[in-house]
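K.L.:
Dropping the sequence and predicted coords here.
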Amino acid sequence: MAQNGNPNVDPRSGFCKSNSIFYSKRNPLAHPPNHSLDVTTFLSSQAHHGKIAFVDASTGRHLTFADLWRAVDSVATCLSDMGVRKGHVILILSPNSIFFPVVCLAVMSFGAIITTTNPLNTQSEIAKQIADSKPVLAFTTFQLTPKLAELNLRIVLLDEQSNPAVQNVRIVATLEEMMKKQPSGTRVRDRVNQDDTATLLYSSGTTGTSKGVVGTHRSLIAMAQNVQVRFQLEEGDNRFLCTLPMFHIYGLALFVVALLAFGTTVVILPKFEIQSMLSAIEKYRVKYLPLVPPILVPLLNNADQIRSKYDVSSLQTISSGGAPLSKEVIEMFVEKYPTITILQAYGLTESTAIGTSTNSLEESRRYGTAGLLAPDMEAKIVDPETGEALPVNRTGELWLRGPPIMKGYLNNAEATASTLDSEGWLKTGDLCHIDEDGFIFVVAPAELEALLLTHPEISDAAVIPFPDKDVGQYPMAYVVRKAESNLSEGAVVDFVAEQVAPYKRIRRVAFVPSIPKNQSGKILRRDLVQLATSQL
């Protein structure tokens, strides 16, 4: 148990009475002691016997590990020749592909910084991110080049195009050309440290402009080590299916980075469709399927048809992130897919997708839990009004600290200060409690949100802790009314009050056009907390 041998730490809960910190009950990780280490070198130096690194499920085109590292070296050489140096930002605007990791790993290998953006973003949204992050170069597909028009940004095409003539864009190379370059052992390379910035991912906040989350080489290395422990990956044929967008932290940290350390084959879906996913599982004998709850639902609802049409017998583990699964969903899944273990996890962009997880079906069956703290992570449960750190089974805001936590938000000292304190604690904005066995429960919001969604005039809802000088905090609801509805605050309050215990009652309601969520469907509660408290 990773509790520092402290006699004040309760071995059952992980809670330390002397400082009110919860320590992880997972075994600690052997983090690389070499400070001068970039994540690409860490990954490429791991000894394994993996053959195929990435395969495109739609075309069958693949990269072996040898192909991958050769391509990474070649692209890094070309970037160096183009004048890209440590600290420069490179943008990638692309759907999932086997070349997405090549670009990211090449960029990070010499201390440059990768920033990603959603291909569905508008030209103006992308322009805002470019204005904030100031990339010196962009990688994109021919089809997406119009979104970078008139931005005077050098562009490398990720796909083959016989006539790459596009108005108002500066195409300077293709990735195919770069990958053919002979790697140079003499190119300019600055020393890269684990604490240097590796990624700049933008949270999709709605309280003003989205914020650039500054992630480090250390946080990505810690993510990779967490993944090995969580999925108990050893040498062998460990095939994962990538259904998640690689531009998002969950997809990037897992599929672009972490799994490479263990010789794992990643089967990539360029575009998500349920039939394509099932066909890929059957064709490539996929064992592991990380996903988000919206993908899990059709697997449950159509289980009989799926099993009659597709051979999914290779699947061993499904891991769900983004929102907690209910008892009903877990038990239905176990009933319909008895040979598959279902796991859950909780994490944020700001924590490199690391926070808590269930690592076995037994842990997942502690219904409503987001799991135990990840290795080397620490937590506090804090009263949002008084700042007091609370003990076991008390509800407050979850704070996290550990190697995967971000450095801060780019060019946004105010947002950084409100989210990350001077001791490195990340304030998640999520209302939680930790039980006597160390399991974390993101409590009231999920339960109350599910209840609110049963109201015939509510189309979406989110619940946050609202500070109050008398009770510490109480639940506040953000509600999206259905069209033509004139639902009132009082009606919402009464609807909930009739069905829950007094301490769970909604005391405040705000009506909004939409609920802010990230790409994996997780409600951005921290943004809503900031919105609510800014109006006090």
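P.N.:
Cool, the structure landed.
K.L.:
In contact with the residue nearest to residue 17 when sequence neighbours are not counted, which residues?
P.N.:
Nearest residue to residue 17 in three dimensions, chain neighbours excluded: residue 8, at 5.3 Å (Cβ to Cβ, 6 or more residues apart in numbering). In short, each C-beta sits where N, CA and C put it, glycine included. The neighbourhood of residue 8, defined by Cβ atoms under 8 Å, 6 or more residues apart in numbering, consists of 16, 17, 18, 19.
K.L.:
So what's the residue count around the third one?
P.N.:
Pointing back at residue 18 there. By other Cβ atoms under 10 Å, 9 other residues sit near residue 18.
K.L.:
And for the first one?
P.N.:
In terms of burial, residue 16 registers 19 neighbours under the definition other Cβ under 10 Å.
K.L.:
give me every residue that touches it.
P.N.:
By Cβ under 8 Å, 6+ apart, the residues touching residue 16 are 3, 6, 8, 9, 10, 22, 23.
K.L.:
repeat that for 10 Å
P.N.:
Listed by Cβ atoms under 10 Å, 6 or more residues apart in numbering, the contact partners of residue 16 are 3, 4, 6, 7, 8, 9, 10, 22, 23, 378, 391.
K.L.:
picking that back up, next one: the residue nearest to residue 17 from residue 400, what distance?
P.N.:
Separation of residue 8 from residue 400 (Cβ to Cβ, to the nearest Å) stands at 20 Å.
K.L.:
next one: residue 521
P.N.:
Residue 521 sits 20 Å away from residue 400, going by Cβ to Cβ.
K.L.:
got it, and residue 258?
P.N.:
Look at residue 258 and residue 400: by Cβ to Cβ, they are 19 Å apart.
K.L.:
hmm, which two among the contacts of residue 8 are most spread apart?
P.N.:
Distance extremes for the contacts of residue 8: the farthest pair is 17 and 19 at 8.0 Å, using Cβ to Cβ.
K.L.:
what residues are shared contacts of these two?
P.N.:
In terms of Cβ under 10 Å, 6+ apart, residue 17 and residue 19 are both contacted by the residues 6, 8, 9.
K.L.:
so, if you compare the residues you listed, which one comes nearest to residue 218?
P.N.:
Checking the shared contacts of residue 17 and residue 19 against residue 218 by Cβ to Cβ gives residue 6 as the nearest, at 23.7 Å.
K.L.:
Could you report the neighbour count for that closest one?
P.N.:
Residues within reach of residue 6, counting by other Cβ under 10 Å, total 13.
K.L.:
next one: the one 5 residues further on
P.N.:
Neighbouring residues of residue 11 were enumerated by other Cβ under 10 Å; the total is 11.
K.L.:
just checking, it touches residue 438?
P.N.:
Yes: contact criterion Cβ atoms under 10 Å: residue 11 and residue 438 qualify, at 9.3 Å.
K.L.:
what domains does the record give for the protein?
P.N.:
Domain ranges of the chain: 60-214, 445-534, per automatic domain parsing.
K.L.:
need the least confident one among those, by mean pLDDT.
P.N.:
Among the domains of the chain, domain 445-534 has the lowest mean pLDDT, at a mean of 83.
K.L.:
Do a quick rundown of the strands in the stretch 401-536 of the chain.
P.N.:
408-409, 426-434, 440-441, 458-468, 472-481, 508-511 (DSSP state E, counting those that start in this stretch).
K.L.:
and of these, who's closest to residue 299?
P.N.:
Closest to residue 299 of these, according to Cβ to Cβ: strand 458-468, at 22.7 Å.
K.L.:
Quick check: buried residues in the closest one?
P.N.:
Buried positions in strand 458-468, judged by neighbour count with 16 or more other Cβ atoms under 10 Å: 458, 460, 461, 462, 463, 464, 465, 466, 467.
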